[in-house]
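# Below is the sequence, then the predicted model.
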Amino acid sequence: MSEYRLKLYVIGQTPRAERAIANLRELCEKEFDGRSYEVEVIDILENPQIAEKERIIATPMLVMFLPQPMRRVIGDLSDSDKVLMGLGLAPSPPRNS
Amino acid sequence: MANTTSITKLASHIPGFDHVADGGLPLGRTTLVCGSAGSAKTILAAQFLAEGIRHTGESGVFVTFEESAEDVRVNMSGFGWDIAAWEAQGLWAFVDASPEPSHETVIVGDYDLGALLARIEYAVSRVGAHRLSMDSLGAIFTQFTDSATVRREMFRIATALKRLGLTALLTAERTAEYGEIARYGVEEFVADNVIILRNVLEGEKRRRTLEILKFRGTPHHKGEYPFAILNGEGMVVIPLSAIELKQRSSNVRITSGSIDMDAMCGGGFFRDSIILVSGATGTGKTLMATEFMAGGARLNERCLLFAFEESREQLFRNATGWGVDYERMEAEGKLKVVCAYPENDGLEDHLIRMKRTIESFAPQRVAVDSLSALERVSGPRGFREFVVGLTSFIKHQEVAGLFTATTPNLLGGESVTEAHISTITDLIILLRYVEMYGEMRRGITVLKMRGSRHDKDIREFTIDAHGMHIGKPFREVTGILAGTPRHASGGEIEVIRHLFTNE
């Protein structure tokens, strides 16, 4: 079982969605390096019933299911420090040693 | 282009609304419903879908930003709308976009409300919706603080609703009853059709009204119309000034219940007339109403009495005292007595109930004892609307209506009720106390009677165990109606008589 489990909900292949996916990939590679994580990207246009079930209004939306508690971040995730704060994961200290 | 194509209407089937809206809501358009807190926006939004399902089997989608779907289901069940059952039948779908306090959400960067739109489109296609309600816009603006983004996204959603061909209601908050249309400038993206709901405090009483501010390119009635929220029914709009005056005038005479009174009116009341009986307390108004009922029952007519001043027991005992057997009349199905406390409800609610009772009992005559009691529970404007609504409804049914009104002064005087409704009445009967030689006596006169000759005298009348007996005119007394009876000597009377003889 992965230590981190995240889902990113987007609408179609819009520039905003692409941006969010790229920002998330970069963040994961940097922050979860060496640890087990799982990221799933879900297109709501293909699965509108998921949006209904998860009660999603705004996109892109990142939901962190693990570790608990569940956290949600809305937006294109352009500021990784803010995203980490939103997820309740303190930004990692600068690696300069 | 748009001006050349005519806009058709979708009948909402909300009672009274379609009359005011001249057919219903603009078909395939979005209408903005604005109102302050507690002005029944959510009820209207839900009822729009409920009536569609009940009357034409049109399914609907309810998008809720404020209350959760479960709250809406529970809150609306009191109106007799079983939303859960409709959901199970695929006639109703919720898009629950109410805030979830358990979910902590932060915003980082650029976003849109594409998921909401996707959910709306999904729900619409799932139930094949014709109608959509969105309640309320203010709540989505508080969920997302970036109002520029929300405004842009709502505009996108409004455009999508139009593309989907939905007839939609969108509710929005107002901060004041009279002022800017809605908060956050939401009328910018649904500017074509605007309805305003008001809940105004008037003389310590709440008065609900609905106004269609605009329907672009299609007619509607202007101004504020009162409405009521009834248990088991929802909103009922009262289209007062929209009532058409197309009553037929009848020449058929009916008995007042008193032979003497019939004689004073030149052979009885007219079949479809509105009669006002005005007098101080104890002058015999309730007696006249009782005789009016008894007179109808003797001719096998159905009579309906609305009593707002006395209990059933009191009324029946009074009637017995005048030789009228209400109990037997009721047993024979000729009489229905409805007693109600005026204070129990708003006037709009009373009006709707009275109309319902008249429709279901289908009487030939109706008496209301007294209108003045109802005046207590409303402001002057609300009362006037009530009286106009009730009298025009009664005239429409072509039944005779007798109303009593209490004058505040024992001698003479004019009641406020009189001032409100005298122009609507066809016949006004005044009952007055007359003080003569240290004794209180009663006088009666027919002040006006439309379309008929009538007795102009002020006659004395007495009341005994058989009811009312009208006697001779008061002679040698002047000033009875003004409340200042004065004895005139024989010589004075002679002088006045000569004044009016044509020589």
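The structure has been received and is ready for your questions.
# Only C-alpha atoms from now on, for both contacts and neighbour counts.
Noted.
# Look up the closest residue to the spatially most central residue of chain A, ignoring the ones flanking it.
Among the residues of chain A, the one closest to the centroid is residue A:62, at 3.7 Å (Cα atoms, centre = their mean). Of all residues not flanking residue A:62 in the chain, residue A:8 sits nearest, at 4.4 Å (Cα to Cα, 6 or more residues apart in numbering or on different chains).
# and if you look at residue B:40?
The nearest residue in space to residue B:40 (Cα to Cα, 6+ apart) is residue B:197, at 7.4 Å.
# If you count neighbours, what's buried in the helix ranked longest in chain A?
Across chain A, the longest stretch assigned as helix under DSSP state H is helix A:15-31. Applying a neighbour-count criterion of 16 or more other Cα atoms under 10 Å in any protein chain shown, one finds A:16-21, A:23-24, A:27-28 buried in helix A:15-31.
# average pLDDT across it?
Helix A:15-31 shows a mean pLDDT of 92.
# and it, what does it pack onto?
If you count contacts as 3 or more Cα pairs under 8 Å, 6 or more residues apart in numbering or on different chains; DSSP states H and E, helix A:15-31 packs onto no helix or strand.
# What's the first helix or strand after that helix?
Later in the chain than helix A:15-31, the nearest helix or strand by DSSP states H and E is strand A:37-43.
# List the strands paired with that following strand, with their directions.
Strand A:37-43 pairs in its sheet with strand A:4-10 (parallel), by DSSP bridges.
# starting at the chain centroid, how far to the strand it pairs with?
Its chain's average C-alpha position is 5 Å from that of strand A:4-10, according to Cα atoms, centre = their mean, to the nearest Å.
# isn't residue B:448 right next to residue B:425, touching?
No. The criterion here is Cα atoms under 8 Å, and residue B:448 misses it with residue B:425 at 9.0 Å.
# gap between residue B:81 and residue B:56?
15 Å (Cα to Cα, to the nearest Å).
# And these two? Which one has more around it.
Using other Cα atoms under 10 Å in any protein chain shown as the criterion, residue B:81 and residue B:56 rank with residue B:81 on top: 21 against 11.
# burial count for residue 13?
No chain in the question, so chain A it is. Here the count is done by other Cα under 10 Å, and residue A:13 has 11 residues near it.
# Please refer instead to chain B.
20.
# same thing with residue B:39?
That count, for residue B:39 with other Cα under 10 Å as the rule, works out to 22.
# ok, back up a step: for the helix or strand hosting the residue nearest to the centre of chain A, packing partners?
Assigned by DSSP H and E, residue A:62 falls within strand A:61-66. For strand A:61-66, the packing partners by 3+ Cα pairs under 8 Å, 6+ apart come out as strand A:4-10, strand A:71-74.
# Please work out which of those strands is packed deepest.
Most buried of these, by mean neighbour count (mean count of other Cα atoms under 10 Å in any protein chain shown): strand A:71-74, with a mean of 24.
# immediately after it, which helix or strand?
Immediately after strand A:71-74, counting by DSSP H and E, sits helix A:80-86.
# as a whole number, average confidence for that next one?
Confidence over helix A:80-86 (mean pLDDT, whole number) is 89.
# buried residues in that helix?
So, applying 16+ other Cα under 10 Å, buried residues of helix A:80-86: A:80-84, A:86.
# Give me the contacts around stretch B:428-442.
B:275-280, B:283-285, B:410-412, B:422, B:443-449, B:460-462, B:480-481, B:483, B:485 (Cα atoms under 8 Å, 6 or more residues apart in numbering or on different chains).
# what number of residues lie near residue 89?
Chain wasn't specified; assuming chain A. That count, for residue A:89 with other Cα under 10 Å as the rule, works out to 13.
# wrong one, chain B
12.
# Over to the one 3 residues further on?
Here the neighbour count serves as a burial measure; for residue B:92 (other Cα under 10 Å) it reads 27.
# Show the pLDDT at it.
For residue B:92, the model assigns a pLDDT of 97.
# Excluding chain neighbours, what is closest to residue B:18?
residue B:24 (4.4 Å).
# For residue B:33, see how far away the one you found is.
Taken as Cα to Cα, the span from residue B:24 to residue B:33 is 14 Å.
# Neighbour count for these two, which is higher?
residue B:33 (30 against 19).
# For the more buried one, what is the enclosing helix or strand?
strand B:30-35.
# next SSE after that strand?
Next element after strand B:30-35 (DSSP H and E): helix B:41-56.
# Dump that next one to CSV, keeping only the CA atoms.
Provided in CSV are the C-alpha atoms of helix B:41-56 (Å, rounded to 0.1, in the frame of the first residue of the first chain):
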residue,chain,number,x,y,z
LYS,B,41,-37.1,31.7,-2.9
THR,B,42,-36.3,28.1,-2.2
ILE,B,43,-40.0,27.2,-2.0
LEU,B,44,-40.6,28.8,-5.4
ALA,B,45,-37.6,27.0,-6.9
ALA,B,46,-38.7,23.6,-5.6
GLN,B,47,-42.4,24.2,-6.4
PHE,B,48,-41.5,25.0,-10.0
LEU,B,49,-40.1,21.5,-10.4
ALA,B,50,-42.8,19.9,-8.2
GLU,B,51,-45.7,21.3,-10.3
GLY,B,52,-44.0,20.3,-13.5
ILE,B,53,-43.8,16.7,-12.3
ARG,B,54,-47.3,16.7,-11.0
HIS,B,55,-49.1,18.4,-13.8
THR,B,56,-47.2,17.5,-17.0
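# which secondary structure elements does it contact?
Going by 3+ Cα pairs under 8 Å, 6+ apart, helix B:41-56 lies up against strand B:30-35, strand B:60-64, strand B:131-135, strand B:167-173, strand B:234-237.
# Settle this for me: residue B:474 is touching residue B:456, isn't it.
No. Using Cα under 8 Å, residue B:474 is not in contact with residue B:456; the gap is 11.5 Å.
# May I ask you to confirm that residue A:62 is in contact with residue A:17?
No. Counting by Cα under 8 Å, residue A:62 sits too far from residue A:17 to count as a contact (11.2 Å).
# For residue B:132, see how far away the residue nearest to residue B:40 is.
19 Å.
# same check, this time on residue B:93
Residue B:93 is 10 Å from residue B:132, by Cα to Cα.
# joint contacts of the two?
Residues touching both residue B:93 and residue B:132 (Cα under 8 Å, 6+ apart): B:60-62.
# Please give me every residue in contact with residue 11.
You didn't pick a chain, so chain A it is. A:17, A:43-45, A:59-60, B:114-115.
# Oops, wrong one, chain B.
B:18, B:23-25.
# Then residue B:259?
Taking Cα under 8 Å, 6+ apart as the definition, residue B:259 has no contacts.
# What of residue B:96?
Contacts of residue B:96 (Cα under 8 Å, 6+ apart): A:52, A:55, B:63-65, B:68-69.
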